[in-house]
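Visitor: Okay, sequence plus prediction incoming.
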Number of protein chains: 2
Amino acid sequence: MTELAFIEKFLKANRNYVLEKFTDKASLAVADKDNPNDLLTEVDLTLQKRFVEAVAKTYSDDVVIGEESGLNVLPQNPDGRVWIIDPIDGTYNFVRGLNPAFAIAIAFAREGFAQAAGVFMPRNGLMFLAEAGAGAYCNGKRMTVSTVQHFDEACMEIDFGTGKNRNILVRRAGDALRQAGQVRCQGSAVVGICQVASGDVDGYLHIGLDPWDYAAAQLVAEEAGALATRLDGEPLRLFDGKQGVLISNGAIHKTVLALLTR
Amino acid sequence: MTELAFIEKFLKANRNYVLEKFTDKASLAVADKDNPNDLLTEVDLTLQKRFVEAVAKTYSDDVVIGEESGLNVLPQNPDGRVWIIDPIDGTYNFVRGLNPAFAIAIAFAREGFAQAAGVFMPRNGLMFLAEAGAGAYCNGKRMTVSTVQHFDEACMEIDFGTGKNRNILVRRAGDALRQAGQVRCQGSAVVGICQVASGDVDGYLHIGLDPWDYAAAQLVAEEAGALATRLDGEPLRLFDGKQGVLISNGAIHKTVLALLTR
């Protein structure tokens, strides 16, 4: 079984569990993490635990990192075989019912870049799969990024995040916010980046993400033709610290970078 | 037949037409209105035309206003019987595939306030109905706004609109943008305001909307317990000019108003 097939199998096996919990979310045990806006659900924890067990069974020497407690660290050997899971990206949306903007995201990385990736959006049944060099697919259909050329006609997904990063974002990305053709914020990095891949939006911007927030979606987007950099224009790697994320259709990339202030 | 029943019947009768066009959107004839970000589709025009014909048949003396060409004016007698339609709110989302954030919105107004309202979101099948004094319902279930008390824990839908209004919005609402617990922008006033009604978000803000953008959704929200004002805090009427729109769960309303600058 390839790493991609392993990811796909896990996502499909857990689809119904997530949907059931979403439908029944009034009964969810929701605990605060840092603050009430950063919600942790039993779904996050259960999915991460299941994934750790699945990897241990099939790839016993591999490392797993992920969003939830204990695993939210960078790997000791960043060039080794690393699995990266965000069990639910968009937890706040999940809890508030702002569907369908939440997703399960899983990537397999080597040499600091994702090699295989899967993203599943349970509410609308969209499954995004990508393998390095082999293209990106949504429910079996090959994807390509949009062809929008001009930033004042572009739809930018700008991720406002939570309090601690909001001020920095509004300052650094204020001109991009003002000059984009359209602005959207769905509150899920994974969903936003996958929509760059599908051509539904033209760019995605965040001031600082952890690797589990973008590892899988970055590969999906790049395999659909997207350009992915840090906000300083350097290539976007997985484990070199939070330098911001800009993933676009390529055509608008330079314009956005030039509009950002330090 | 009550005005509400008339609205509901029209929405149900046109559901499949909209869904078929969305599915087949590659073939849509999309014309530019003012600019490429303000897309007009044949769906808008067809729905508006059908609604005008339906009103003429049942309520021949009534006035119809709406978003599309010819009808996008204020009524000569603002206190009379006026029907207000936005055939597709969120046209850009409809065309780009950013579902499910688009909706058909219809209101019946008298004395400058909506008396009956219906909103239909074809992609997820949600039908919002409200009658003045009789509550608001989503697919038959009574709605109430959220109970979130503090703005730094609130989810604000901030509508960034298009170029001409964006600068003003970022200036006037900059502090609200920075201090809200969470920020979302879905690009549809109707959808955003209905999510205040359903309690999925806690507030909706726009710098200046036309009556067809909020007439129906405002009544839905108010009947679910929301507070609706202009940005200067005055009651939000339908035909007194674009003074901005703030619709919230009530608890956070004063805080938002105080954060806005002139």
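Guide: Arrived safely.

Visitor: Spell out which parts of chain A neighbour chain B.
Guide: Within reach of chain B by C-beta under 8 Å from any C-beta of the partner chain, chain A has these residues: A:35-37, A:92, A:96-100, A:124, A:152-153, A:155, A:160, A:162-163, A:166-167, A:170, A:174, A:177-179, A:181-187, A:195, A:198, A:200-201. (C-beta placed from N, C-alpha, C; glycine too.)

Visitor: Tell me which entries of these lie within helices.
Guide: Of the residues of chain A next to chain B, the ones assigned to helices by DSSP state H are A:Tyr92, A:Arg96, A:Gly163, A:Arg166, A:Asn167, A:Val170, A:Gly174, A:Leu177, A:Arg178, A:Gln179, A:Gln195.

Visitor: I'd assumed B:Gln182 was in contact with the third one.
Guide: The reference is to A:Gly163. No - using C-beta atoms under 8 Å, A:Gly163 makes no contact with B:Gln182, being 9.4 Å away.

Visitor: Who has more neighbours out of the two?
Guide: Taking neighbours as other C-beta atoms under 10 Å in any protein chain shown, A:Gly163 and B:Gln182 compare with B:Gln182 leading, 26 against 17.

Visitor: Excluding chain neighbours, give the residue nearest to that one in space.
Guide: B:Cys155 (4.1 Å; C-beta to C-beta, 6 or more residues apart in numbering or on different chains).

Visitor: go on, A:Asp202?
Guide: A:Ala154 (4.0 Å).

Visitor: repeat for A:Ala109
Guide: Nearest to A:Ala109 is A:Val82, by C-beta to C-beta, 6+ apart, at 4.7 Å.

Visitor: what's across from the one you found in the sheet?
Guide: A:Val63, A:Ala109 (DSSP bridges).

Visitor: In contact with it, which residues?
Guide: A:Asp62, A:Val63, A:Val64, A:Ile65, A:Pro75, A:Phe108, A:Ala109, A:Arg110, A:Leu238 (C-beta atoms under 8 Å, 6 or more residues apart in numbering or on different chains).

Visitor: The fourth one falls within a helix, correct?
Guide: No - applying DSSP: H, G, I helix; E, B strand; the rest coil, one finds A:Ile65 to be strand, outside a helix.

Visitor: That one and A:Ala130, how far apart?
Guide: 19 Å (C-beta to C-beta, to the nearest Å).

Visitor: These two - which one has more neighbours?
Guide: Counted by other C-beta under 10 Å, A:Ile65 and A:Ala130 do not tie: A:Ala130 has more neighbours, with 31 against 21.

Visitor: Hmm, A:Ala107 and that one touching each other?
Guide: No - counting by C-beta under 8 Å, A:Ala130 does not reach A:Ala107; the two are 9.2 Å apart.

Visitor: Surely A:Trp212 forms part of a strand?
Guide: No - under three-state DSSP, A:Trp212 falls outside any strand and is assigned helix.

Visitor: Skip the chain neighbours and tell me the closest residue to it.
Guide: Per C-beta to C-beta, 6+ apart, closest to A:Trp212 is A:Asp86, 4.2 Å.

Visitor: Could you list which residues are in contact with that neighbour?
Guide: A:Asp86 neighbours (C-beta under 8 Å, 6+ apart): A:Gly66, A:Glu67, A:Ala103, A:Ile104, A:Ala105, A:Ile106, A:Val190, A:Trp212, A:Asp213, A:Ala216.

Visitor: which one of those residues is nearest B:Leu45?
Guide: Of all the contacts of A:Asp86, B:Leu45 sits closest to A:Ala103, with 35.3 Å by C-beta to C-beta.

Visitor: What about the closest one, how many residues nearby?
Guide: Neighbour tally, A:Ala103, other C-beta under 10 Å: 31.

Visitor: Who does it form a beta bridge with?
Guide: Residues in beta-bridge contact with A:Ala103 (DSSP bridges): A:Asp89.

Visitor: pLDDT wise, what is it at?
Guide: Looking at A:Ala103, its pLDDT is 95.

Visitor: A:Asn124 now?
Guide: 86.

Visitor: same question, A:Arg110
Guide: Reading off the model, A:Arg110 has pLDDT 97.

Visitor: Do I have it right that it meets A:Arg81?
Guide: Yes - between A:Arg110 and A:Arg81 there is a contact at 5.7 Å, judged by C-beta under 8 Å.

Visitor: Regarding the nearest residue to A:Phe120 once chain neighbours are set aside, which helix or strand does it belong to?
Guide: Leaving aside its sequence neighbours, A:Phe120 sits nearest to A:Leu11 (C-beta to C-beta, 6+ apart; 4.2 Å). Assessed by DSSP states H and E, A:Leu11 sits inside helix A:3-23.

Visitor: Mind giving me the packing neighbours of that helix?
Guide: Helices and strands touching helix A:3-23, by 3 or more C-beta pairs under 8 Å, 6 or more residues apart in numbering or on different chains; DSSP states H and E, are helix A:42-58, strand A:103-110, strand A:113-121, strand A:126-131.

Visitor: how about the residue nearest to B:Gln182, what does it touch?
Guide: A:92, A:96, A:98, B:148, B:180-184, B:200-203.

Visitor: So which helix or strand of chain A has the lowest pLDDT on average?
Guide: strand A:30-32 (a mean of 60; mean pLDDT, DSSP states H and E).

Visitor: Burial check on the nearest residue to A:Ser146 once chain neighbours are set aside, number of neighbours?
Guide: Nearest non-adjacent residue to A:Ser146, counting by C-beta to C-beta, 6+ apart: A:Gly199, 4.1 Å away. Number of residues near A:Gly199 (other C-beta under 10 Å) recorded here: 19.

Visitor: Surely A:Gly199 is in contact with A:Ala154?
Guide: No - taking contacts as C-beta under 8 Å, A:Gly199 lies outside contact range of A:Ala154: 11.7 Å.

Visitor: nearest residue to A:Arg230 other than its sequence neighbours?
Guide: Nearest to A:Arg230 is A:Gln243, by C-beta to C-beta, 6+ apart, at 3.7 Å.

Visitor: List the residues that contact the one you found.
Guide: A:Gln243 makes contacts with A:Gly208, A:Arg230, A:Leu231, A:Asp232, A:Glu234, A:Leu236, as judged by C-beta under 8 Å, 6+ apart.

Visitor: helix/strand/coil for it?
Guide: coil.

Visitor: Distance-wise, check it relative to chain B.
Guide: 22 Å (C-beta to the nearest C-beta, to the nearest Å).

Visitor: try A:Glu3
Guide: 29 Å.

Visitor: Please apply the same query to A:Leu236.
Guide: 24 Å.

Visitor: Hmm, that residue is touching A:Ser248, no?
Guide: No - in this structure, A:Leu236 is not within contact of A:Ser248 by C-beta under 8 Å, at 11.4 Å.

Visitor: Looking at the two, which one has more neighbours?
Guide: Neighbours were counted for A:Leu236 and for A:Ser248 using other C-beta under 10 Å; A:Ser248 has more, 29 against 20.

Visitor: Give me every residue in contact with stretch A:254-261, excluding its own residues.
Guide: Stretch A:254-261 is touched from outside by A:151, A:156, A:171-176, A:179, A:203, A:205, A:229, A:231, A:233, A:246, A:248, with contacts defined as C-beta under 8 Å, 6+ apart.

Visitor: Apply the buried test to these and list what passes.
Guide: A:Phe151, A:Met156, A:Arg172, A:Ala173, A:Ala176, A:Gln179, A:Gly203, A:Leu205, A:Thr229, A:Leu231, A:Leu246, A:Ser248 (16 or more other C-beta atoms under 10 Å in any protein chain shown).

Visitor: What's the per-residue pLDDT of the third one here?
Guide: The pLDDT attached to A:Arg172 in the predicted structure is 93.

Visitor: So it sits against A:Gly208, correct?
Guide: No - using C-beta under 8 Å, A:Arg172 makes no contact with A:Gly208, being 10.4 Å away.

Visitor: Tell me who's in contact with the residue most central in space within chain A.
Guide: By C-alpha atoms, centre = their mean, chain A has its centre lying nearest to A:Val190, at 2.7 Å. By C-beta under 8 Å, 6+ apart, the contact list for A:Val190 reads A:Asp86, A:Asp89, A:Gly90, A:Ala103, A:Ala105, A:Val119, A:Asp213, A:Tyr214, A:Ala216, A:Ala217.
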